[in-house]
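Colleague: got a predicted structure plus its sequence, pasted below:
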Amino acid sequence: MIANAKKKITDAALGAFGWLDDRFHVTEIFEHTAGHHIPKSTSSWFYVFGSATLLCLIIQLITGTLLAMVYVPSADQAYTTLTYLNYDIPLGWMLRAIHYWGSNFMVAIMLIHMTQVYLFGAYKYPREITWMSGVLLLLITLGLAFTGQVMRFDEDAYWGIGIGASITGRSPIIGGEAVQMLLGGPIINSETLSRFFALHVFVLPGAILAIIVLHLRMVLLKGINEWPTPGVLVNRETYDKHYATIIRKEGIPFTPHGIGKDLIAGAVVIGGILLCAIIFGPKGPLGPPDPTMIDAHPRPDWAFMWIFAVAALMPDWAETLAFLVIPPIAIAFLFALPFYNNTGEKHWSRRPFAVLTVLFLYLSLGLLTVWGFTSPWSPDMIAWRAAETPAPFVKAKTPLELQGLVVLQQKQCRNCHAIDGIGGKRGPDLADVGSRLTAPQLARQVIQGGGNMPAYGKNLTPYEVDALVAYMVSLHPPGTTPALDSAKPAVYPEENSKKNAKPEAAHGEAG
Amino acid sequence: MTPETPKETKTDACCQTGDVAVVDAPPPTTRRHFLFQIGIALNVVAGALITVPILGYVMSAFVKKFDLEWTNLGPISNFPEGEIRIANYENPYRRPWDGETARIPCWVRHVPGGTFQVFAINCTHLGCPVRWFAESKLFMCPCHGGAFYENGDHAAGPPPRPLYTYEYRVNGSNLEIKAGILPNIGNPGNPTEKVKGEA
């Protein structure tokens, strides 16, 4: 009786499915998409990053849509709605946090995916379009990350747009017009925010979805790249046949036999995003986007921190080149990679140049990012009133030297010069300056400036210069000798330091 | 029934069986063919017509010239001679929904002798807000360490030119500047400015 009923239900279900399948062609669609055959070797932990990136995008689309239900893209309301999301709407902070961390994960996992694809030679024949669409996806994702940073309409967003405008303004001939185009007018205001909102919410997501369709279509058409074997070369004439043989011999359907690791990785990614969202919460907003609050300290999000560092470390003449000329060339090279490197060895162990390129890029971008976070080139704007002077640099100083210390502090030298690591890192640390420069050299440097140091001649009285120089001459670590003038005959250190300590020495001619 | 209907059926049948040979030379000019061509032509015209307002709308920010407007910075007595003070002004192009972004700061230097210099807040390197340090008489930028002297000249760091200035005038007892843009290398915003070139 029960078995009979079971059979009836099963038959009915199968019948219903058959009817639906006949209308929707579900089986056929499945076989051509999720059920397509992949080489067994690609069901690997190394191949999970593409689907993980896609998963991040889906999370971004959902959370972004939900945030857009509350967010008001207007310069006078955006900040209020952000704080409203953070503090008033139930779980609004969580949605903001997931969206922020989802974007971080998306950029990071996408970079890993791209690195894997590059090291496995997957961009070679016949997967050129897959690679190029992937490069476009990277650019759009970075565009989403940048415009998303503007959506968090706080002081960083405001000055960040200003940085974007300053870089755009360097374009030859059309600089001014290009800035207006970027800002939606001559100045940063509501129209700027609305236009970044349109980009972030309509234009870029639309573009990314369209190109993902192309990207996945190419994955299905040209197959997932087989696990490379050293010595097996890609050849345009034989590759397609070779790949067909692999699929015939060891092909497995992606669903259900190849998808297991992707599913686990996906769960780990969602878990990671949730964990970060709960532990670290949403980012900002920082202070309101009020330009009159000028004690801002603008910093970009981590994905752009390396650009911030490049802007500080480039020689001045190379900046326009670095901002406007090198990026398009680099992107063109990346985009065209499958055309100048189309065949041959796929395995990383036979491609030392590829491995070195990856190492070089990760090391340099990583280092620049770390530098960007520490930004030793920025003055410490409050050091002159907040940085302490460690005891050894005050003890046993003469009254004149102590006066020099006061001058050093009051004239804001500490904004750029640390004493024993405390203070700005823009200029050299002064803890041992007395063992590097003589009194006349110090006086000249203070009065005339030089290198990256402004000239202070007009701002200091002769007495202040004397005191300052006397103090700096006294700064040499125990056991080291004061700096000596190589043009003068050697004297005993004690005698020399006594001579340098005399105020007259600071007046000495500056040459 | 139009005469070409059977032919079309035949073509469909051919393609399903993979027999390409049956496809003849293109059919002679028929009403369908004519309608197709007219359809294409009409869409080209319609497409061009709708592109004009779309491009015009999108590019308006690019081509439009925004004139600067005289904007009040407040009474001259706010700016003691020989000193540099901050002043805020209202963006002359403000929209009602601009909120606090409509208030823009600038640095006013009352040069001994009665003239003024009004500097934009934006560092000439990448636009970050420069701050005045009265003791060292320097403008310092918090981003990449640019520094400027009290007359706006480049003192240190990566900025490619002196601070941007506003054109100013004294109107009665008020100081006014010509404002309305975010100054940048492509459009420094002060036609009267004498740039001494790279520092």
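Modeller: Structure received.

Colleague: CA atoms for contacts and neighbours, from now on please.
Modeller: Will do.

Colleague: all strands of chain B, in order?
Modeller: B:69-75, B:84-90, B:103-110, B:116-120, B:131-133, B:138-140, B:147-149, B:154-156, B:165-166, B:168-171, B:174-179 (DSSP state E).

Colleague: what does the stretch 201-350 of chain A give?
Modeller: A:233-234, A:251-253, A:344-345 (DSSP state E, counting those that start in this stretch).

Colleague: can you pull the buried residues of the longest one?
Modeller: Meaning strand A:251-253. The neighbour-count check on strand A:251-253 (16 or more other CA atoms under 10 Å in any protein chain shown) flags A:251, A:252, A:253 as buried.

Colleague: got the strands of the stretch 201-350 of chain A as a markdown table, with mean pLDDT and distance to chain B columns?
Modeller: Listed next are the strands of the stretch 201-350 of chain A as a markdown table, based on pLDDT from 0 to 100; distance: least, CA to the nearest CA, whole Å:
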| stretch | mean pLDDT | distance to chain B |
| --- | --- | --- |
| strand A:233-234 | 92 | 32 |
| strand A:251-253 | 92 | 28 |
| strand A:344-345 | 92 | 36 |
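
Colleague: need those strands in TSV with distance to residue B:180, can you?
Modeller: Shown next, in TSV, are the strands of the stretch 201-350 of chain A (distance: least, CA to CA, whole Å):
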stretch	distance to residue B:180
strand A:233-234	60
strand A:251-253	62
strand A:344-345	58
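
Colleague: list the contacts of residue 91.
Modeller: Reading this off chain A. With contact set as CA atoms under 8 Å, 6 or more residues apart in numbering or on different chains, residue A:91 has no partners.

Colleague: chain B was what I was after
Modeller: B:71, B:102, B:103, B:104, B:179, B:180.

Colleague: tell me the contacts of the second one?
Modeller: By CA under 8 Å, 6+ apart, residue B:102 lies in contact with A:189, B:90, B:91, B:94, B:95.

Colleague: between which two of those residues is the distance greatest?
Modeller: Farthest-apart pair in these is A:189 and B:90; separation 11.8 Å (CA to CA).

Colleague: so which of those two has more stuff around it?
Modeller: residue A:189 (26 against 17; other CA atoms under 10 Å in any protein chain shown).

Colleague: per-residue confidence at the more buried one?
Modeller: On pLDDT, residue A:189 comes in at 92.

Colleague: and for the one 10 residues further on?
Modeller: Reading off the per-residue confidence, residue A:199 sits at a pLDDT of 97.

Colleague: give me the neighbour count for the spatially closest residue to it that is not a sequence neighbour.
Modeller: Counting by CA to CA, 6 or more residues apart in numbering or on different chains, residue A:199 lies nearest to residue A:147, which is 7.2 Å off, once chain neighbours are set aside. Neighbour count of residue A:147, defined by other CA under 10 Å: 22.

Colleague: related to what we said a few turns ago, in TSV: the buried residues of strand A:251-253, plus distance to residue A:129.
Modeller: Converted to TSV, those look like this (distance: CA to CA, whole Å):
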residue	distance to residue A:129
A:251	23
A:252	24
A:253	23
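
Colleague: any idea which helix or strand in the chain has the lowest mean pLDDT?
Modeller: In the absence of a named chain, this looks at chain A. Every helix and strand in chain A was compared by mean pLDDT, DSSP states H and E; the lowest is helix A:503-507, with a mean of 44.

Colleague: residue A:485 and residue B:67, how far apart?
Modeller: 59 Å (CA to CA, to the nearest Å).

Colleague: over to residue A:141?
Modeller: 36 Å.

Colleague: who has more neighbours, those two?
Modeller: Taking neighbours as other CA under 10 Å, residue A:141 and residue B:67 compare with residue A:141 leading, 20 against 13.

Colleague: which secondary structure state does the more buried one sit in?
Modeller: Secondary structure, DSSP: H, G, I helix; E, B strand; the rest coil: residue A:141 is helix.

Colleague: just checking, it touches residue A:107?
Modeller: Yes. Counting by CA atoms under 8 Å, residue A:107 is a contact partner of residue A:141 at 7.0 Å.

Colleague: ok, now which ones touch the closest residue to residue B:141 other than its chain neighbours?
Modeller: Ranked by CA to CA, 6+ apart and with sequence neighbours excluded, the top spatial neighbour of residue B:141 is residue B:130, at 4.4 Å. Neighbour list for residue B:130: A:294, B:121, B:122, B:123, B:139, B:140, B:141, B:142 [criterion: CA under 8 Å, 6+ apart].

Colleague: quick one, phi/psi of residue B:130?
Modeller: Per-residue torsions, residue B:130: phi -80, psi 150 (degrees, to the nearest 10).

Colleague: need the pLDDT of it.
Modeller: pLDDT, read off for residue B:130, is 94.

Colleague: likewise residue B:113?
Modeller: pLDDT at residue B:113 comes out at 87.

Colleague: what of residue A:391?
Modeller: Taking residue A:391 on its own, its pLDDT is 87.

Colleague: so where's chain B uncertain?
Modeller: Scanning chain B for pLDDT under 70 picks out B:1-28, B:194-199.

Colleague: ok, longest helix in chain A?
Modeller: helix A:92-119 (DSSP state H).

Colleague: before we move on, back to that, nearest to residue A:92, out of the strands of chain B?
Modeller: Closest among these, using CA to CA: strand B:103-110, at 29.9 Å.

Colleague: can you list the strands that the closest one pairs with?
Modeller: When pairing is defined by DSSP bridges, strand B:103-110 lines up against strand B:84-90 (antiparallel), strand B:116-120 (antiparallel).

Colleague: give me the contacts around the first one.
Modeller: Outside strand B:84-90, the residues that touch it by CA under 8 Å, 6+ apart are A:292, B:71-73, B:79, B:102-110, B:132, B:134.

Colleague: pick the one among these closest to residue A:317.
Modeller: Nearest member of those to residue A:317, counting by CA to CA, is residue B:132, at 26.1 Å.

Colleague: now do the contacts for that closest one.
Modeller: Residue B:132 neighbours (CA under 8 Å, 6+ apart): B:84, B:138, B:139, B:140.

Colleague: between those residues, which sits nearest residue A:316?
Modeller: Among those, and counting by CA to CA, the member closest to residue A:316 is residue B:140, at 17.2 Å.

Colleague: how much space separates that closest one from residue A:292?
Modeller: 16 Å.

Colleague: which one of those two has more residues nearby?
Modeller: residue B:140 (27 against 20).

Colleague: which ones are touching the nearest residue to the more buried one once chain neighbours are set aside?
Modeller: Computed as CA to CA, 6+ apart, the closest residue to residue B:140 that is not its neighbour in sequence is residue B:147, at 4.5 Å. Neighbouring residues of residue B:147 by CA under 8 Å, 6+ apart: A:454, B:138, B:139, B:140, B:141, B:154, B:155, B:156, B:157, B:159.
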